[in-house]
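Asks: need the 3D shape of this:
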Amino acid sequence: MLRLAIYPGSFDPPTLGHIDVVERASRLFDELVVAVGVNSSKNPFLTVEQRIEALQACTKHLPNVRVDQFKGLLVNYTLEQGARAIVRGLRATADFEYEFQMAMVNRRLCDEVETVFLMTKWEHSYLSSSIVREVAMLGGDYSEMVNPEVAPIIASVIASRS
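Replies: Reported below is the predicted structural model:
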């Protein structure tokens, strides 16, 4: 039986912490779907297409990883894909509290789907997409917070807004 997992997120933009979790989850599962959540009520920094492009570039070295997008309930998407596991990354205690609540809601909605938590590497524990966005928009050097393939995508967004 194929062990398939979903790693969902906004990935706006994907950080080194996200890719760390992707790489480690790809070793635990036969196939991993990195799923970009689409929320039409939010005003994202990167378009869905740019996030998918960035994630595909960052994961091209991982043959068992594919990138997709989804709308609606994560557990429904997970079941539609034939997966029974959701991967979530944790940086700190604050992440755990929120992620624990989400895992319990998902379990309440569908007890067939398990949530697997992976701690990000210590050196990435301070990173978040919102920090990268803020540093980028304020003209700071974000290049060591994202993969080299992501930096030009962020730069093009910054340039188009100037």
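Asks: could you measure from the residue nearest to residue 119 when sequence neighbours are not counted over to residue 160?
Replies: Using C-beta to C-beta, 6 or more residues apart in numbering and skipping the chain neighbours, the partner closest in space to residue 119 is residue 90 (5.3 Å). Using the backbone N, CA and C atoms, a C-beta is placed for each residue, glycine as well. As judged by C-beta to C-beta, to the nearest Å, residue 90 and residue 160 stand 33 Å apart.
Asks: now residue 115
Replies: For residue 115, the distance to residue 160 - C-beta to C-beta - is 37 Å.
Asks: which residues of the chain fall in strands?
Replies: 4-9, 31-37, 65-70, 85-90, 114-119 (DSSP state E).
Asks: got those strands as JSON lines, with distance to residue 47 columns?
Replies: What follows is the strands of the chain, written out as JSON lines (distance: least, C-beta to C-beta, whole Å):
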{"stretch": "strand 4-9", "distance to residue 47": "15"}
{"stretch": "strand 31-37", "distance to residue 47": "10"}
{"stretch": "strand 65-70", "distance to residue 47": "11"}
{"stretch": "strand 85-90", "distance to residue 47": "23"}
{"stretch": "strand 114-119", "distance to residue 47": "27"}
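Asks: what's the closest of the ones you listed to residue 53?
Replies: Closest approach to residue 53 among the strands of the chain (C-beta to C-beta): strand 65-70, 8.8 Å.
Asks: so for that closest one, what gets flagged as buried?
Replies: 65, 67, 70 (16 or more other C-beta atoms under 10 Å).
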